[in-house]
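In: sequence first, then the predicted structure:
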Amino acid sequence: MKKALTLFILFLLVITFYAQVKKHPCSAASIERKKSLIENETPYYPGDAFIDVTYYFLDLNITSSPDYLTGKVRVDFQPSGLLSLTEAFLDLSDNMTVDSVKLGGVNAVFTHSDNKINITLDHSYGQGETVSVIIYYQGVPSGGGFGSFEFSSHNGDPVIWSLSEPYGTRDWFPCKDTPGDKVDSSDVWITADDFFVSVSNGTLEAVETNLDGTKTYKWKNHHPIAQYLISIAMTNYELYQVPWEYSSGNFMSVDNYNYPENLDSYREGQLDKVPTMLQVFSDKFGMYPFVDEKYGHAEFGWSGGMEHQTCTSLGYYGTSVIAHELAHQWFGDKITCADWHHIWLNEGFATYLEAIYDESQNGFSAYQNDIASEMNSARWANGSIWVEDISDVNEIFDGSRSYAKGAVVLHMLRGILGDDAFFDAMNAYANDPDLSYSAATTEDFQAVVEEVSGKDLEYFFSEWIYGENFPSYSYHWSYAENNGQYDVWVYINQATNSNPVFFTMPIEFDITTTKGNSYRTTVFNDMQEQNLFLMTVNNPPTNVTFDPDNWIFKDAQYVPVELTAFSADQKDESVLLNWKTATETNNKGFFIERKSSFVQTNSGWTEIGFVDGNGTTSERHEYIFSDDSPLFGIQKYRLKQVDFDGSFDYSKIAEVNFDAPLTFELEQNHPNPFNPSTQISYTLPFGGDVNLTVYDMLGNNVETLSEGFKPAGKHTVEFKRNDRLSSGIYVYTLKVGKYFESKKMMLLK
Ligand SMILES: [Zn+2]
């Protein structure tokens, strides 16, 4: 399914990016898959888990004046497990009225409430025994445009159509309303006024004219089909057939049912492209799955497309929508997501195949543009691709997550595996004997890809399907001469994410050298902070490009200074900061910034010093800065690394809990005696209003050195004599609330 207009809205995303340096690389936290969350959920929500449906036969009588549906639907099913069945339920909206339920031609006991028909079976049915139940019902199916049955009009003429995904099938026929349990085949008969050309899945077996002037279209689908892929579409269609030669001398018809007023405008531009699309997808993913029946489009009133099996409903005839719905015939219809948690197996795949078709017609750069566009959309994805809340239709069909990010995941998988293994794996999945014409979960897909590629991809699926967001890398490269050659290294650091904490990915790099040569190499980044050897080259490298072909959905930022360590530790009455660089480029130096947890000073980062850098160097350097007036309690420090051109980056934060003193202390000034100035220090166990004043021996106020609120910690002030002061003894006094202490000092002129 694809809604045409909303998916084209582009958003801008502003990402605040802080380069962070991690002191201790931590191992990948194992990601608990969310499978456990659904253990207690009814399998294949919301259908009856105890039945296995095998056949639907819809015999529908539909009128447009008034809007009305009268139906006779046969559903065949068997016990799904070892337990024998004495009762079962089918899903049917309470909006419809059930007239009777028959088993073997005899009325069965049933109730119809909570959108379920509960049926008491005529006897106990054991394993392998088929229940064939016929439900007679009528009413006006609910409408609304999404997951519904619609009575509408075009050009003043009536048009009637269904769009059942995800929970709308029960609105118009009794079924087991889950995608995971397909029937083996289905029949849809539609009787209506002879104005209508009525279209459904599979092949048209007969069109019969009835005595009352109505016509009955008898459609037969010979393949397994999920309930939501069964459709009807009916109006005064004109049929436009385009042949597709799928093998030498063998043709399948692409049947386009269009509103007469629209056919000409769609014909050459769009509809004639479909055989090419069929060929492109068949070459890559195996023969079109329903080649023995047909493919086609039935125009309807919803602005987008819906991949009804062999008979896509289409309201918008754009190339990408046409390719998308056709792609679903493999991924969605032939292999259907087992439940809506795994909807990306439908929508992510169909969205990805839009880019594959574009690539086949317009080349790899067109493909790359499509992927870049999906990545932009995927930045808006919230939560995991595995849909947590499948009761919410908008969660299931979240465009940025199930569609865009799902497509991006396949793109990344292609990057990891390479083209050959990737397309082999996609083909193997589409044709897997246990999954094709059946249903699959993410784990099924993963197992096929691992089998074909021989790679363990647990990290990939855990992070990208069950995790959230995307990696944010900062990186720095450097090289060292080695016997006339040059060893090139890259340093990678990832910002901390919620789940996973960081991403494990192979990353490709492009190295260019002074001779203009270019080399590609891939390294496996499996730590949050990592120094990785890239390769040895013959000439000094001039540039190293991170992921040059954009295989990874990410942010990546080059940082000019490779900081390998940064720590803060208490040493006596100071906090000692220590950091190391492996290489530096154009580094002017480091501003040291501090932030205190102490409430009155918690107003932000304060600059407390600057240390010169070493410009451009590939030598290792160690730096030390001593904060001699630290505040007490938890102190945070960070480095603001500044280039000569003014650009800057922040380091990660180093933290220290500086021990609070137990008492007030007023220290002896130093130097003492002094001339012309001396330092006076005091420490406070908690913040308070202080007064530090110098008096002469007669008690005259010479100068107040410190006044007002001071936070806990050590404070140092300077006293400078003025010319009027004579040599001799002076007294300095600290008052903080009830605390009071004085000391003497000597000025020697
Ligand atoms: Zn779709």
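Out: Thanks, I have it.
In: OK, contacts around the residue of the stretch 451-600 of the chain found nearest the ion?
Out: Of all residues in the stretch 451-600 of the chain, Ile465 sits closest to the ion, at 17.8 Å by CB to the ion. C-beta here means a position set from N, CA and C on the backbone, and glycine is covered the same way. Applying CB atoms under 8 Å, 6 or more residues apart in numbering, we find Ile465 in contact with 344, 384-386, 409, 442.
In: swap in 7 Å and give it another go.
Out: Residues counted as contacts of Ile465 (CB atoms under 7 Å, 6 or more residues apart in numbering) are 384-386, 409, 442.
In: run a quick neighbour tally on the residue in the stretch 51-200 of the chain positioned nearest to the ion.
Out: The stretch 51-200 of the chain approaches the ion most closely through Glu165 (8.8 Å), counting by CB to the ion. Here the number of neighbours of Glu165 (other CB atoms under 10 Å) works out to 26.
In: check Asp572 too.
Out: Per other CB under 10 Å, the neighbour tally for Asp572 reads 8.
In: same thing with Gly105?
Out: By other CB under 10 Å, 6 other residues sit near Gly105.
In: for it, phi and psi?
Out: When quoted as degrees, to the nearest 10, the phi and psi of Gly105 stand at phi 80, psi 0.
In: cool, Glu443 as well?
Out: Glu443 adopts backbone torsions of phi -70, psi -40, taken as degrees, to the nearest 10.
In: what about the longest strand seen in the chain, distance to the chain center?
Out: Looking across the chain with DSSP state E, the single longest strand is strand 574-596. Averaging C-alpha positions (CA atoms, centre = their mean, to the nearest Å) puts strand 574-596 35 Å from its chain's average.
In: who are the packing partners of it?
Out: Contact analysis of strand 574-596 by 3 or more CB pairs under 7 Å, 6 or more residues apart in numbering; DSSP states H and E lists strand 472-482, strand 562-571, strand 606-617, strand 621-627, strand 633-643, strand 654-658 as its packing neighbours.
In: which stretches of the stretch 451-600 of the chain have low pLDDT?
Out: Applying pLDDT under 70 to the stretch 451-600 of the chain picks out residues 597-600.
In: would you map the helices across the stretch 251-400 of the chain?
Out: For the stretch 251-400 of the chain, applying DSSP state H, counting those that start in this stretch gives helices covering 263-267, 274-285, 319-328, 344-362, 364-378, 393-396.
In: circling back to that earlier point, distance to Glu458 and mean neighbour count for the helices and strands packed on strand 574-596 - can I get that in CSV?
Out: What follows is those, written out as CSV (distance: least, CB to CB, whole Å; neighbours: other CB atoms under 10 Å):
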stretch, distance to Glu458, mean neighbour count
strand 472-482, 22, 19
strand 562-571, 30, 18
strand 606-617, 41, 14
strand 621-627, 40, 15
strand 633-643, 36, 20
strand 654-658, 34, 18
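In: CSV please, covering those strands and showing distance to Met697.
Out: Output for those, formatted as CSV (distance: least, CB to CB, whole Å):
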stretch, distance to Met697
strand 472-482, 62
strand 562-571, 39
strand 606-617, 37
strand 621-627, 37
strand 633-643, 39
strand 654-658, 37
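In: so Pro548 makes contact with Asp510?
Out: Yes. Pro548 lies in contact with Asp510 (CB atoms under 7 Å); the separation is 4.2 Å.
In: mind checking which of these two has more residues around it?
Out: Taking other CB under 10 Å, Pro548 and Asp510 do not tie; Asp510 has more neighbours (16 against 12).
In: which residues does the more buried one contact?
Out: Contacts of Asp510 (CB under 7 Å, 6+ apart): 518, 520, 545, 548.
In: repeat that with 6 Å
Out: With contacts defined as CB atoms under 6 Å, 6 or more residues apart in numbering, Asp510 is in contact with 520, 545, 548.
In: among the residues you listed, which are in helices?
Out: Using DSSP state H, no member of the contacts of Asp510 falls in helices.
In: got a pLDDT number for Gly418?
Out: Here, the pLDDT recorded for Gly418 equals 97.
In: count of neighbours near it?
Out: Under the neighbour criterion other CB under 10 Å, Gly418 is assigned a count of 11.
In: and what of Thr545?
Out: By other CB under 10 Å, the residues close to Thr545 number 16.
In: quick one: secondary structure of the residue nearest to it when sequence neighbours are not counted?
Out: Leaving aside its sequence neighbours, Thr545 sits nearest to Asp510 (CB to CB, 6 or more residues apart in numbering; 4.2 Å). Reducing the assignment at Asp510 to three states with DSSP: H, G, I helix; E, B strand; the rest coil gives strand.
In: swap in Glu619?
Out: coil.
In: returning to that earlier point: any idea how far Val387 is from the residue of the stretch 451-600 of the chain closest to the ion?
Out: Separation of Ile465 from Val387 (CB to CB, to the nearest Å): 10 Å.
In: report pLDDT for Gly604.
Out: pLDDT at Gly604 comes out at 77.
In: which non-adjacent residue is nearest it?
Out: Nearest one to Gly604, counting by CB to CB, 6+ apart, is Lys595 at 6.7 Å.
In: who's that neighbour bridged to?
Out: Bridge pairing for Lys595 (DSSP bridges) gives the partners Lys636.
In: Trp605 is in contact with that one, correct?
Out: Yes. The pair Lys595 and Trp605 passes the contact test of CB atoms under 6 Å, sitting 5.0 Å apart.
In: show me which of those two is the more surrounded one.
Out: Lys595 (19 against 16).
In: what distance do you get for the more buried one to Lys515?
Out: 48 Å.
In: what of Val656?
Out: 49 Å.
In: same deal with Gly332?
Out: Applying CB to CB to Gly332 and Lys515 gives a distance of 51 Å.
In: give the bridge partners for the closest residue to Pro275 other than its chain neighbours, please.
Out: Spatial nearest neighbour of Pro275, excluding adjacent residues (CB to CB, 6+ apart): Trp244 at 3.9 Å. Using DSSP bridges, the beta-bridge partners of Trp244 come out as Met252.
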